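fold the stuff below for me.
(one chain, ligands or ions: 1)
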Amino acid sequence: MRTITLINGDGIGPEISNAVIQIASAANVNINWEIQTAGSEVVEKEGTPLPSRVIDSVKKNKIALKAPVTTPIGKGFRSVNVQLRKELNLYANLRPCKNFEGIKTPFSNVDIVVVRENTEDLYAGIERMADENTAESIKIITREASEKIADFAFKYAVNNKRKTVWAVTKANICKFSDGLFLDCCRLIAQNYTNIEYKEILVDNLCMQLVQNPEKFDVLVLPNLYGDIVSDLTAGLTGGLGLARGANIGDNYAVFEPVHGSAPDIAGKNKANPSALLLSFIEMLKYIGDYSSAEKIENALLKTLREGKILTCDLGGNASTSDFTEEIIKNLKH
Ligand code: ATP
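This next block holds a predicted model:
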């Protein structure tokens, strides 16, 4: 039996984690969960939102499933998500977005994979008040991290039979930082002559994504643009409740939904557990348990396709527990 770290998060985290635990157990997945808490409640007890026991657990088990942890806005502790990605050098953030049968959206043929650099850019949080009225934030882009993420994107394209990799920047304005990122993408593209390579500015991309998203394939972006664009692509394919994600490094991988801790609906039994469940399905594929992955994915897709029991974000009025029960029921058919 494989042991997997489960960081059950805060906000809606514990509710959606419970849903995934129940579904995994009903599907007889051969997993032993090592549950680790992190976030705002942990700060009060342990003085840090990300105690070393959490990092140690992921290092030991190599793989983790992570529910969202709240990042205080404007003040308070540094993002646990960002810290975890840095500590474990999870340099690639993979966020695939594809339409789901039964989920009505303005476009029906969207199939985009966002590959976001995960360790630097403005996300490094190197900020200071230069004086009382002037804030400074430093954007770090390195050749090493940019070449690594570009190579990851092209490898992903080859392994997953994709046609095109688009490098997304604002290199006309950020000439040094995004310019370096672009140079690295161009260099790496030369090693992958079977994959088409294209470039687009991030503002133009955003406009085209809401007008003609079907033309895009794999996107590779610096950290901050990747964060923003992946919420947009999530919106194109059914919203945050359905958007899966993975943080991957050379030694460890942490699977987590695109969405945050949704404090507005926390504790109300309203959250959609699908994004965490889809991240779990990706995790099962990553560890080679394809039969469990397929079984659970089929049950989820059937639930979405039938549309009888859906959570509020998908236009239904079912609770998290009703939706979870329906998926469990569909595991048996
Ligand atoms: P972060 O910056 O931490 O990613 P965010 O500001 O993007 O967080 P979220 O917590 O992702 O915000 O929530 C954005 C909106 O989407 C909220 O209204 C929230 O209720 C809704 N939402 C997010 N996740 C879910 C979910 N799993 N089920 C239903 N609604 C969700």
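
and the next helix or strand past the helix or strand harbouring residue 32?
Following DSSP states H and E, one finds residue 32 within strand 31-36. Downstream of strand 31-36, the first helix or strand assigned by DSSP H and E is helix 40-46.

which parts of that next one are buried?
Going by neighbour count (16 or more other Cβ atoms under 10 Å), the buried part of helix 40-46 is 40, 42-43. (Glycine included, C-beta is placed from N, CA and C.)

on contacts alone, who are the packing partners of the strand holding residue 32?
strand 2-7, helix 52-61 (3 or more Cβ pairs under 8 Å, 6 or more residues apart in numbering; DSSP states H and E).

what's the angle from the first one to strand 31-36?
This points to strand 2-7. Strand 2-7 and strand 31-36 are oriented at 30 degrees to each other (axes from the mean of the first three to the mean of the last three Cα atoms, to 10 degrees).

strand 2-7: partners in the sheet, and parallel or antiparallel?
Looking at strand 2-7 with DSSP bridges, its partner strands are strand 31-36 (parallel), strand 63-66 (parallel).

please identify the most buried of those strands.
strand 63-66 (a mean of 25; mean count of other Cβ atoms under 10 Å).

taking strand 2-7 as reference, get the angle to whichever helix or strand comes after it.
Using DSSP H and E, the helix or strand that follows strand 63-66 in sequence is helix 80-87. When the same axes, to 10 degrees is applied, the directions of helix 80-87 and strand 2-7 differ by 130 degrees.

contacts for the strand holding residue 32 next, please.
1-8, 21, 24, 53-54, 57, 61 (Cβ atoms under 8 Å, 6 or more residues apart in numbering).

tell me how far the closest residue to residue 55 other than its chain neighbours lies from the ligand.
Spatial nearest neighbour of residue 55, excluding adjacent residues (Cβ to Cβ, 6 or more residues apart in numbering): residue 87 at 5.4 Å. From residue 87 over to the ligand the distance is 18 Å, taken as Cβ to the nearest ligand atom, to the nearest Å.

returning to that earlier point: among the helices and strands packed on strand 31-36, which is nearest the ligand?
Among the helices and strands packed on strand 31-36, strand 2-7 comes nearest to the ligand, with 14.1 Å by Cβ to the nearest ligand atom.

if we can go back for a sec, export the strands paired with strand 2-7 to JSON lines and append columns for distance to residue 282.
Converted to JSON lines, those look like this (distance: least, Cβ to Cβ, whole Å):
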{"stretch": "strand 31-36", "distance to residue 282": "14"}
{"stretch": "strand 63-66", "distance to residue 282": "10"}
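
of those, which is nearest the ligand?
Nearest to the ligand, of all the strands paired with strand 2-7, is strand 63-66, at 12.3 Å by Cβ to the nearest ligand atom.

domains in this structure, by residue range?
Here the domain assignment for the chain is 1-91+244-333, 106-236, based on automatic domain parsing.

for the stretch 1-150 of the chain, what lies in contact range of the ligand?
When proximity is defined as Cβ under 6 Å from any ligand atom, the stretch 1-150 of the chain approaches the ligand at 12, 71.

swap the cut-off to 8 Å and go again
11-12, 16, 68, 70-71, 79, 81 (Cβ under 8 Å from any ligand atom).

ranges for the helices of the protein?
Counting by DSSP state H, the segments of the chain that form helices are 13-26, 40-46, 52-61, 80-87, 143-159, 177-189, 202-211, 223-236, 274-286, 290-306, 320-331.

quick one: those as a markdown table, columns for mean pLDDT too.
Converted to a markdown table, the helices of the chain look like this (pLDDT from 0 to 100):
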| stretch | mean pLDDT |
| --- | --- |
| helix 13-26 | 98 |
| helix 40-46 | 87 |
| helix 52-61 | 97 |
| helix 80-87 | 88 |
| helix 143-159 | 97 |
| helix 177-189 | 98 |
| helix 202-211 | 98 |
| helix 223-236 | 96 |
| helix 274-286 | 97 |
| helix 290-306 | 97 |
| helix 320-331 | 98 |
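
so what's the closest residue to residue 265 other than its chain neighbours up against?
Counting by Cβ to Cβ, 6+ apart, residue 265 lies nearest to residue 271, which is 5.7 Å off, once chain neighbours are set aside. Taking Cβ under 8 Å, 6+ apart, we find residue 271 in contact with 12, 15-16, 241, 262, 265, 311, 320.
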